[in-house]
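Visitor: Build me a model:
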Amino acid sequence: MRLAIPGLALGAALLLCAPAVRPHPGGFDAAGCHYDRSRVKDWQDTYHCDQEVPPNADVNSPVKKSRENICHDSKSPNYKQLQYFVAYKTMKQCTASGGRKYQR
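Guide: Sure thing, here's the model as predicted:
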């Protein structure tokens, strides 16, 4: 019994000091992804996906922005393989949304 009280006190103290788990801000796009602006110094990881969505049905879209935030046109070798993407009518619209053009 003597060990139970300090153990409970330690457990309560750890619980009170633990940071709360909260979802980070940001809405999801059509690919189920979003930007996490709290990680500004690591631009590669600021765009990520927290949820799984069905594959995009618009497989013939002129431009597709992948979950990696890369804009692919029909000349890109990955264009036909992309399943999860945001569809755009032009490359300009895709890059204006924050994507970067695929570089061969």
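Visitor: start to end distance for stretch 93-104?
Guide: Stretch 93-104 has an end-to-end distance of 20 Å (CA to CA, to the nearest Å).
Visitor: which parts of it are buried?
Guide: Of the residues in stretch 93-104, Q93, C94, G99, Y102 count as buried by neighbour count, 16 or more other CB atoms under 10 Å. Placement of C-beta: from N, CA and C, glycine included.
Visitor: Could I get those in TSV, plus columns for distance to S74 and secondary structure?
Guide: Putting the buried residues of stretch 93-104 into TSV (distance: CB to CB, whole Å; DSSP: H, G, I helix; E, B strand; the rest coil) gives the following:
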residue	distance to S74	secondary structure
Q93	15	helix
C94	13	helix
G99	16	coil
Y102	11	coil
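Visitor: Among the residues you listed, which one lies nearest to K64?
Guide: Minimum distance to K64 across the buried residues of stretch 93-104 is 8.0 Å, recorded for C94 (CB to CB).
Visitor: Count the neighbours of the spatially closest residue to that closest one that is not a sequence neighbour for me.
Guide: Nearest non-adjacent residue to C94, counting by CB to CB, 6 or more residues apart in numbering: C71, 3.7 Å away. If you count neighbours by other CB atoms under 10 Å, C71 ends up with 25.
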